[in-house]
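Q: Okay, sequence plus prediction incoming.
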Amino acid sequence: LNRKIGSEKLKQLNFYDVDAELYDALVTDCSFWKASDSNIIDEWLKEMPREGVVLDLGCGTGKSAIPIYNSGRRVIATDISMGMIRKAIKKSYDFGAGGITYFLSDVEDLPLNRDCFSAVMSSGVLHHLVDPCSVVKNIARLLKPGGCFYSHENHASLARPLFDLLMKANKLWNEEAGSHPLFRIKEIKDLLEVSGLCPDIRTSVFLPPHIFNLISYRLGKVILSVTDSLFGRRFLFRDFGGLLIIKGRKIK
């Protein structure tokens, strides 16, 4: 791991080293994120190739890497936080995913060769980075021709002020975003295209997460699926979705 870490990146690293112990209770295991993550991963798995290797960038405690591995894919996962990596390794063995290879690394300085991966995924990572553009370009370099980048990110939606107000009244999880905490659809589209990736972007989550935490995970999955299918790709309606669901295919 590169020791020349800037102050912003060091702030992120320290936050997640400490947050690792609380992360699953506040995020992975809450009804909203269980429902959202499950729907997103189900969508990715419909087309993610079984051949080759999937790279999980900013893997956290393994909430995406473990189900992807248990679907029959080979997975390599990395994170900048040793606390997160330790938690992910323990969880992987607990959930029968001991074959995942984890390593400690900075996603802005990855020691990996080009054209190695059939798919690269990241779950809410770009908004923590100092330079997301350079990272997306590097992701394109790592992908095999025809391979896909799968991600989700915070959306600068029209409903964001309501979410921020609700989080002030009832904070659901801890967050330490970087200098670019929210993305607009056009920003992500431009990031993908300038990196040589063909973009496919929709939005998700049209009701406050607080509502989903009051109901069961399974009911939440159904409601998310229905509202996403109704509004996620429709002009104007999609501007209210809280998450961007991102796919970028490497053209050549």
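A: Arrived safely.
Q: Count the neighbours of the closest residue to Lys252 other than its chain neighbours for me.
A: Using C-beta to C-beta, 6 or more residues apart in numbering and skipping residues adjacent in sequence, the residue nearest Lys252 is Pro145, 5.5 Å away. For glycine as for every other residue, the C-beta is placed from the backbone atoms N, C-alpha and C. Neighbourhood size, Pro145 [other C-beta atoms under 10 Å]: 9.
Q: Can you give me the distance of Pro145 to Arg114?
A: According to C-beta to C-beta, to the nearest Å, Pro145 and Arg114 sit 11 Å apart.
Q: again, but for Arg141
A: 5 Å.
Q: Looking only at neighbour counts, state which of the two leads.
A: Between Arg141 and Arg114, Arg141 has the larger neighbour count (other C-beta under 10 Å), namely 16 against 11.
Q: contacting residues around the helix or strand in which that one is found?
A: Using DSSP states H and E, Arg141 falls within helix 132-142. The set of residues external to helix 132-142 that reach it, using C-beta atoms under 8 Å, 6 or more residues apart in numbering, is 55, 57, 107-108, 110, 112-117, 120, 122, 126, 129, 149, 180, 191-192, 194-197, 248, 250.
Q: Likewise for stretch 211-230?
A: Applying C-beta under 8 Å, 6+ apart, the external contacts of stretch 211-230 come out as 30-32, 34-36, 38-39, 172, 202-207, 237, 241.
Q: try 7 Å this time
A: Residues from elsewhere that reach stretch 211-230, judged by C-beta atoms under 7 Å, 6 or more residues apart in numbering: 30-32, 34-36, 38-39, 172, 204-207.
Q: Buried residues, that stretch. List them.
A: For stretch 211-230, burial by neighbour count (16 or more other C-beta atoms under 10 Å) applies to 212-213, 217, 220-221, 223-225, 227-228.
Q: Many thanks, we can stop here.
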